[in-house]
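Colleague: Using only what follows, build the 3D model:
(chains A and B)
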2 protein chains.
Amino acid sequence: MYGLIGKMRTTPGDRDKVVAILLGSMGAMPGCHSYVVATDPSEADAIWITEVWADAASHQASLGLAAVHAAIKQARPMIAGFGERFETTPVGGFGLAA
Amino acid sequence: MYGLIGKMRTTPGDRDKVVAILLGSMGAMPGCHSYVVATDPSEADAIWITEVWADAASHQASLGLAAVHAAIKQARPMIAGFGERFETTPVGGFGLAA
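Modeller: A predicted model of the protein is given here:
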């Protein structure tokens, strides 16, 4: 499997809007086992996204999906930057959708 | 919800053993929505654990479960240290077990 852990910063006060866009864009994403959106309790404009995909190709392909593409376009003006980013190799666990 | 993203380092060559212990300890964990174990593709002895719980109390209570307690005891001699650790507030997503 292929995993991503990443932190994103929004323009001040826009975190809830970006979270809503991210959650709203999740339709059918082939190869996606987990996609969790979280806010950072210690940083007002930071969002953590943790993802588990069947493989890197599935993740890459998702970026071309119409819904994801539209969400990125909509959220982009409110994205101030990115923080930590870690690629992982998930090997198992609980809560991974089939 | 309450989330944790954490990196653990094992003693050299023991990562697979620790991963097996972690995956084997996951029985009934009340309040757990997601618990994903991943290896780090760029660091031979590093493990990433991403967790989503109903709340911080559920996570805390899990540490007292017999299976979790036994796993911690078994893995401890092979844990060399910890790296990054981030607390998050998951707000939604895909792959969260009920």
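
Colleague: Quick one: mean pLDDT for stretch A:9-20?
Modeller: Average pLDDT, stretch A:9-20: 98.

Colleague: End to end on that stretch, go ahead and measure it.
Modeller: Distance across stretch A:9-20, first residue to last, is 14 Å (CA to CA, to the nearest Å).

Colleague: pLDDT score assigned to residue A:87?
Modeller: 98.

Colleague: surely it meets residue B:39?
Modeller: No: taking CB atoms under 8 Å as the definition, residue A:87 is not a contact partner of residue B:39, at 10.7 Å. All C-beta spots, glycine's among them, are computed from the backbone N, C-alpha and C.

Colleague: the more surrounded of those two?
Modeller: Remark: of residue A:87 and residue B:39, residue B:39 carries more neighbours, 19 against 16, as counted by other CB atoms under 10 Å in any protein chain shown.

Colleague: Pairing partners for the more buried one in the sheet, please.
Modeller: Legend: beta-bridge partners of residue B:39 under DSSP bridges are residue A:89, residue B:47.

Colleague: check contacts around it.
Modeller: Taking CB atoms under 8 Å, 6 or more residues apart in numbering or on different chains, we find residue B:39 in contact with A:88-89, A:91, B:15, B:19, B:46-48.

Colleague: hmm, the lowest-mean-pLDDT helix or strand in chain A in reach of chain B?
Modeller: When the helices and strands of chain A are scored by mean pLDDT, DSSP states H and E, helix A:66-75 comes last with a mean of 91. No: Helix A:66-75 does not reach chain B (CB under 8 Å from any CB of the partner chain); its nearest approach is 12.4 Å.

Colleague: ok, back up a step: quick one: buried ones out of the contacts of residue B:39?
Modeller: Listed as buried from these are A:88, A:91, B:15, B:19, B:46-48; burial here means 16 or more other CB atoms under 10 Å in any protein chain shown.

Colleague: ok, and what's touching stretch A:16-25?
Modeller: Residues contacting stretch A:16-25 (CB under 8 Å, 6+ apart): A:8, A:10, A:37, A:39, A:47, A:49, A:67-68, A:70-71, A:74-75, A:78-79, B:91-93.

Colleague: Of those, select the buried ones using a PyMOL command.
Modeller: Burial among the contacts of stretch A:16-25 is assessed by 16+ other CB under 10 Å; the matching PyMOL selection reads:
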select buried, (chain A and resi 8+10+37+39+47+49+68+71+74+75+78) or (chain B and resi 91+92+93)
